[in-house]
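Undergrad: Make a model of this:
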Amino acid sequence: MATANPLDAGTGHGIPPSQTFQQRLKSVSIKESDFPVKKVFTRHPKEVECFRKSKYFTALKSKHVKVLMNGDQVVVAGPDEKSIKPIKQKVEEQFSKIKSKKVGVNSSIASLLTMEDVMSFIDLKLDIPNKSVAWGIEIMLAEEYLIVFALNERDADENLKQVMRCITEIRFSLEEIQSENIQNIIKRNSSRLISTQNRKEIVIYTTQDIHDQFFSQNAGKISAKEAKLQAQSPNQQISITSTKQMSGSGGTGNDTLYMVGSPTGETTEKVTERKSAQVIKTSGIQLPSHWCDMGNEHFMKIAIKPGDDSFQNHEWENIQTKFESTLPQARIVSIQRIQNIFMWKHFFLKKRQLEHAYGKDCSNKLPLFHGTTPDMLDDIAEPRLAEDRMGARLGQGTYFTVSPEYSDLYAESDSQGHKFMIFADVLAGKSCIGKADFKRPPLNPDIKPRLYDSCVDNVQKPKVYCIFYDTQYYLKYLIEYT
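TA: This is a model prediction of the structure:
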């Protein structure tokens, strides 16, 4: 029996982790002889916690059958197989409804999210104790993930984003960190922040409310260097504190520069109130040079029109050539370029990770197509696409193809008879033959302990790719056609 974080399913009270199943029965005044038959379900501990918190669990109460929980196990016990069968089926049914979402995080954020005070803060802020939701940090093949379980995929996804929104990254120069105000904030909140240092700066990972303390208490403060610049240009009194708000996927987030001082005449209070977080850099990650200016937005769709300018014309013709290569009878109605800073950063970092593993330019980045449905268009800003498409014959992931004609089979028409297809960059990495029951790629025996990065229909000449992680694709263009 697993013993980590044991919970009494019937009362909600903890039990000693050293208890065996027999001791567990005794502790709740149950005779083991009355429950000789048992079915044990071993699941992720947080999945068990989610199951325990669900209202559905109360429906499993039975005079002759007991449902007990302990760490990563759920035990259905009764006098005979016939008695436990219906309860066992209900437990299996409920577990099949529980969905999970996860996002990779760096080791500092993973450590932060295991600090008791941080977990308590997030649970209280998001009302986790009163939801059928459980979250935690999971380590798989030396990589760390934030994972969230809920009773449906939408709740799992939304709560994952909410947890990540509670976390913030703040960067200070080595000179700025010596400020008495900053040192006092760090000292007061040491149980809810983690800092790392490189040669140029200090990076502090903490919760959003502590970030706000840094911002409010240091608004208007300027360094000696900035004071010198201010003296040279008295009409532009601007001090900058760099911060980073973590995004809901990939754990990389979005660098912002908060304008803490202001042009002469504007009060610090006014600046603090509006908190003008203008996104003007992205951790050294270069955004595509042909993107339009996005101002403070993180997501935009730009209509591409042939002949408007030389680059847009090049974009249109490039996509049209690839699209019509296997779908010549179709007519393109519109093409929109997708500019998504969060998704681009996650994709860029994943590409860099694969190149670190395999060598520069060895991420196997491919231009591929994905047929989509009209109801997915409102979710195009999110870094995910419909899963379990194309029969899920290569695994339970997102499918892309080299052939627009093949993608067209899975694109559905809207009320006007128009269809939609995504043209994406996909990091295929190292591929293997897929199987329908794959929830992730299998281990690559040639590069232990790495997994393969994608599954395909044919290793020598693949036409269909199954991608399991949304950081491995960037949605570049949305094609509307008839």
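Undergrad: Every contact and neighbour count from this point should use C-alpha atoms.
TA: OK.
Undergrad: Just the buried positions in stretch 341-351, please.
TA: Within stretch 341-351, the residues that qualify as buried are 341-351, counting by 16 or more other C-alpha atoms under 10 Å.
Undergrad: For the stretch 301-450 of the chain, which segments count as helices?
TA: 310-324, 341-358, 404-408 (DSSP state H, counting those that start in this stretch).
Undergrad: gap between the second one and the chain center?
TA: This means helix 341-358. The chain centroid and the centroid of helix 341-358 are separated by 14 Å, computed with C-alpha atoms, centre = their mean, to the nearest Å.
Undergrad: quick one, which of the helices of the stretch 301-450 of the chain is nearest to Tyr469?
TA: Each of these has some distance to Tyr469 by C-alpha to C-alpha; the shortest is helix 341-358, at 10.0 Å.
Undergrad: Ile202 pairs with what?
TA: Phe172, Gln197 (DSSP bridges).
Undergrad: separation between it and Ile170?
TA: Spatial separation of Ile202 from Ile170 under the definition C-alpha to C-alpha, to the nearest Å is 8 Å.
Undergrad: Run a quick neighbour tally on the closest residue in space to Tyr473 that isn't next to it in sequence.
TA: Of all residues not flanking Tyr473 in the chain, Val426 sits nearest, at 4.4 Å (C-alpha to C-alpha, 6 or more residues apart in numbering). Val426 sits with 25 neighbouring residues when counted by other C-alpha atoms under 10 Å.
Undergrad: per-domain residue ranges of the protein.
TA: Under automatic domain parsing, the residue ranges defining each domain of the chain are 21-97, 99-284, 299-481.
Undergrad: do you know which of those lies nearest His290?
TA: domain 299-481 (7.8 Å).
Undergrad: For that closest one, measure first residue to last.
TA: Note: domain 299-481 ends 23 Å apart using C-alpha to C-alpha.
Undergrad: Quick check: mean pLDDT of that domain?
TA: For domain 299-481, the mean per-residue pLDDT is 87.
Undergrad: returning to what we had before: want to throw the helices of the stretch 301-450 of the chain into TSV with distance to Glu81?
TA: Below are the helices of the stretch 301-450 of the chain laid out as TSV (distance: least, C-alpha to C-alpha, whole Å):
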stretch	distance to Glu81
helix 310-324	58
helix 341-358	49
helix 404-408	48
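Undergrad: Nearest to Ile122, out of those helices?
TA: Each of the helices of the stretch 301-450 of the chain was checked against Ile122 via C-alpha to C-alpha, and the shortest separation belongs to helix 341-358, namely 22.5 Å.
Undergrad: I'd like to know which elements the closest one is packed against.
TA: In terms of contacts (3 or more C-alpha pairs under 8 Å, 6 or more residues apart in numbering; DSSP states H and E), helix 341-358 is packed against strand 473-481.
Undergrad: The strand it packs on versus helix 310-324: what angle between them?
TA: Calculated by axes from the mean of the first three to the mean of the last three C-alpha atoms, to 10 degrees, strand 473-481 forms an angle of 80 degrees with helix 310-324.
Undergrad: returning to that earlier point: next one: the residue nearest to Tyr473 from Ser100, what distance?
TA: Going from Val426 to Ser100 by C-alpha to C-alpha gives 23 Å.
Undergrad: cool, Ile341 as well?
TA: If you go by C-alpha to C-alpha, the gap between Ile341 and Ser100 works out to 25 Å.
Undergrad: same thing with Glu412?
TA: If you measure Glu412 against Ser100 using C-alpha to C-alpha, the figure is 27 Å.
Undergrad: Also Ser431?
TA: 25 Å.
Undergrad: what about Ser190, how many neighbours?
TA: With neighbours defined by other C-alpha under 10 Å, the count for Ser190 comes to 13.
Undergrad: typed the wrong thing, it's Ile467
TA: 27.
Undergrad: That one bridge partners, please.
TA: The partner list for Ile467 in beta bridges (DSSP bridges) reads Thr398.
Undergrad: chain center to stretch 75-83: distance?
TA: Stretch 75-83 has its average C-alpha position 39 Å from the chain's average C-alpha position, going by C-alpha atoms, centre = their mean.
Undergrad: do stretch 465-482 as well
TA: Using C-alpha atoms, centre = their mean, the mean C-alpha position of stretch 465-482 is found 16 Å from that of the whole chain.
Undergrad: Buried by neighbour count: which residues of it qualify?
TA: Of the residues in stretch 465-482, 465-481 count as buried by neighbour count, 16+ other C-alpha under 10 Å.
Undergrad: need the domains of the chain in TSV with distance to Trp291, can you?
TA: Formatted as TSV, the entries for these read as follows, by distance: least, C-alpha to C-alpha, whole Å:
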stretch	distance to Trp291
domain 21-97	41
domain 99-284	14
domain 299-481	7
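Undergrad: what ranges do the strands span in the stretch 351-482 of the chain?
TA: Under the criterion DSSP state E, counting those that start in this stretch, the stretch 351-482 of the chain contains strands at 365-372, 398-401, 419-427, 431-433, 454-456, 464-467, 473-481.
Undergrad: To Leu112, which of those strands lies closest?
TA: Across the strands of the stretch 351-482 of the chain, Leu112 has its closest neighbour in strand 473-481 (28.0 Å, C-alpha to C-alpha).
Undergrad: picking that back up, who are the contact partners of the residue nearest to Tyr473?
TA: Listed by C-alpha atoms under 8 Å, 6 or more residues apart in numbering, the contact partners of Val426 are 365-368, 472-474.
Undergrad: Could you measure from the closest residue to His298 other than its chain neighbours over to Met294?
TA: Among residues not flanking His298 along the chain, Ile341 sits closest, at 5.2 Å (C-alpha to C-alpha, 6+ apart). Computed with C-alpha to C-alpha, the distance linking Ile341 and Met294 is 9 Å.
Undergrad: residues near Gly417, how many?
TA: 9.
Undergrad: give the contact list for it.
TA: Thr482.
Undergrad: Residue numbering should commence at 831 henceforth.
TA: Yep, numbering from 831; the last one is Gly1247 now.
Undergrad: phi, psi of it?
TA: With angles defined as degrees, to the nearest 10, Gly1247 shows backbone torsions of phi 80, psi 10.
Undergrad: any idea how far Pro1272 is from it?
TA: When C-alpha to C-alpha is applied, the distance between Gly1247 and Pro1272 equals 40 Å.
Undergrad: Check Glu1235 too.
TA: Taking C-alpha to C-alpha, one finds Glu1235 at 29 Å from Pro1272.
Undergrad: what's the answer for Met899, then?
TA: In this structure, Met899 and Pro1272 are separated by 30 Å, where distance is defined by C-alpha to C-alpha.
Undergrad: of the two, who's got more company?
TA: Met899 (23 against 18).
Undergrad: doesn't Leu1224 make contact with Asp1287?
TA: Yes - Asp1287 sits in contact with Leu1224 when judged by C-alpha atoms under 8 Å, with a separation of 7.0 Å.
Undergrad: Now the common contact residues for those two.
TA: Listed contacts common to Asp1287 and Leu1224 are 1263-1264, 1295; contacts here mean C-alpha under 8 Å, 6+ apart.
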